[in-house]
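> Whatever this is, show me its structure:
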Amino acid sequence: MSVTRLPSGRWRAQVYDAATGKNVSVSAVLGGQGTFATKSDAKRARERARERFGSVRSREVTVRAFWERWTTDPLFARPKQSSDIRRRELTKAFVDRYGEMPLAQIGDEIVADWLAGGKRAGSIRGLCSMFNDAASVKAGRLIERNPFQKLGISPGVGRRDQQPPSEQQVWEMIDHACKLACPSFAAWLQVAAFTGLRPGELDALRWARIDFDRHRIVVAEQFSAATRAFDTPKNHLRREAPLTAHARDALQAVPREGEFCFVSLRGEHWTPSSRAYHWKAVRAAAGWTGSLYLATRHFAGWYMLNELEMASEDVAIALGHQDGGNLPPPLRSSRQGPRTRPDCWRIRHPDREPSHTTEIISRRYLATDPVRRYLCLTEVLTYLRCA
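Okay, here's the model as predicted:
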């Protein structure tokens, strides 16, 4: 802590010295006393010391020195440990190349040299985050501006325009999984394709989270391959996903051998490394060239939207998105006409599940966009009126 209260009741202020890697008292920078009567006085002294201290020391801090602090100091830590690991991976190559240069000397020429050839656009996000923190107050404002900000370079189109497999292709993959892999993986693949749960969420799925009576799957955790530990879902939010008929059939066929729904031959829950062998065999046999994510989660979005005819807002909630139903074009269908809700989601039957209907209305009504709030609420009330 840079501002702490002493047993005497007075407050002590310190600033970080990047050259030594230690905190020093503000009195060493400003002179005079190092303790203060109030916390506000200590904070003001800390800011003055950072301004004076930073103007001299920032020229001496190298890229590697700040990077090592940035990746280890809890002050810069993200909410999820896996995010910190990913940030380190995205920035390590840059540090290996320019690590001995002073941080303040990283400018447009260095950025242009690093991005030459167009093969390092994927690192921009991590480097922008690192230099943002270097320019922040908590780092002592080591640089005046972020050279990686607003470059106008797209990291790529991603998977937005990729087409998910057809339902027939998905069933072919599941059939091959039944023949080439153990029954647990075949069931894992079927549930993934018809619920849209992320792979890590399925690896951590426990029987206690399955509500067969309400046709729900409670998604409360995931297994992180980066940290090898259980963590909250991607957006830190607990949600309920629909237990569709095909997913229900797969789960009911799986023997209960422990707390986890899907276990390997060793009796442990699935992990990315233990699933990789089976998925490669299934993918090759089915002739599928896309990713596992595209064959499961993206297909599930298409299936819910076009086959189950769920509203895009409901699909977004089921998949754990917070964009209010902004689904990519490949998931949409050209089908026109009125849409209905499947019994598994049951918005049309408030008498059967009033609590869930209230939950959906509340989420939509609390949308930040006033136009979307009005359209969503109007849509829900229309369906409740005709139920």
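
> Just confirm residue 163 is within a helix.
No. Counting by DSSP: H, G, I helix; E, B strand; the rest coil, one finds residue 163 to be coil, located in no helix.

> what's the burial count for it?
14 (other Cβ atoms under 10 Å). Heads up, the C-betas are built off the backbone N, CA and C, glycines and all.

> Do I have it right that residue 257 meets residue 263?
Yes. Counting by Cβ atoms under 8 Å, residue 257 touches residue 263, with 5.7 Å between them.

> In this structure residue 224 contacts residue 200, no?
Yes. With contact defined as Cβ under 8 Å, residue 224 counts as touching residue 200 (6.3 Å).

> what's the residue most central in space within the chain sitting at in phi/psi?
The centre of the chain sits closest to residue 234, judged by Cα atoms, centre = their mean, with a distance of 3.7 Å. Per-residue torsions, residue 234: phi -50, psi -40 (degrees, to the nearest 10).

> how much space between residue 66 and residue 92?
14 Å (Cβ to Cβ, to the nearest Å).

> Does residue 114 lie in a helix or a strand, and which?
Assigned by DSSP states H and E, residue 114 belongs to helix 108-115.

> Which neighbouring elements make contact with the helix or strand just after that helix?
Next in sequence after helix 108-115, counting helices and strands by DSSP H and E, comes helix 124-134. Secondary-structure packing of helix 124-134 (3 or more Cβ pairs under 8 Å, 6 or more residues apart in numbering; DSSP states H and E): helix 63-70, helix 81-98.

> So for residue 257 and residue 263, which residue has more residues nearby?
For the pair residue 257 and residue 263, the greater number of neighbours falls to residue 263 (21 against 11), based on other Cβ under 10 Å.

> beta partners of the more buried one?
residue 269 (DSSP bridges).

> distance of it from residue 206?
As for residue 263, its distance to residue 206 is 11 Å (criterion: Cβ to Cβ).

> Also residue 177?
Residue 177 is 22 Å from residue 206, by Cβ to Cβ.

> Between these two, point out the one with more neighbours.
Counted by other Cβ under 10 Å, residue 177 and residue 206 do not tie: residue 177 has more neighbours, with 25 against 14.

> contacting residues around that one?
185-186, 189-190, 278, 282 (Cβ atoms under 8 Å, 6 or more residues apart in numbering).

> at 10 Å instead, please
183-190, 278-279, 281-283, 285-286 (Cβ atoms under 10 Å, 6 or more residues apart in numbering).

> Residue 297 and residue 195 touch, don't they?
Yes. Here residue 297 lies in contact with residue 195, judged by Cβ atoms under 10 Å, at a distance of 9.0 Å.

> shared neighbours of those two, anything?
In contact with both residue 297 and residue 195: 201, 319, using Cβ under 10 Å, 6+ apart.

> For these two, indicate the residue with more neighbours.
Each of residue 297 and residue 195 has its neighbours counted (other Cβ under 10 Å); residue 195 has more, 28 against 22.

> list the contacts for that one?
201-202, 205, 217, 219, 241-244, 246-248, 250-251, 296-297, 300, 303-304, 318-319.

> Tell me the buried residues within those.
Buried positions within the contacts of residue 195, assessed by neighbour count (16 or more other Cβ atoms under 10 Å), are 201-202, 205, 217, 219, 241-244, 246-248, 250-251, 296-297, 300, 303-304, 318-319.

> which ones among those residues are found in strands?
217, 219, 241-242 (DSSP state E).

> So which of the residues you listed is the closest to residue 273?
Each of these was scored against residue 273 by Cβ to Cβ, and residue 219 proved nearest at 22.2 Å.

> pLDDT value on that closest one, please?
Residue 219 carries a pLDDT value of 93.

> Output the lowest mean pLDDT helix or strand found in this structure.
One helix or strand of the chain scores below all others by mean pLDDT, DSSP states H and E: helix 354-365, with a mean of 35.

> quick one on the thing from earlier: and residue 66 and residue 92? Which one has more around it.
Between residue 66 and residue 92, counted using other Cβ under 10 Å, residue 66 has the larger neighbour count: 26 against 15.
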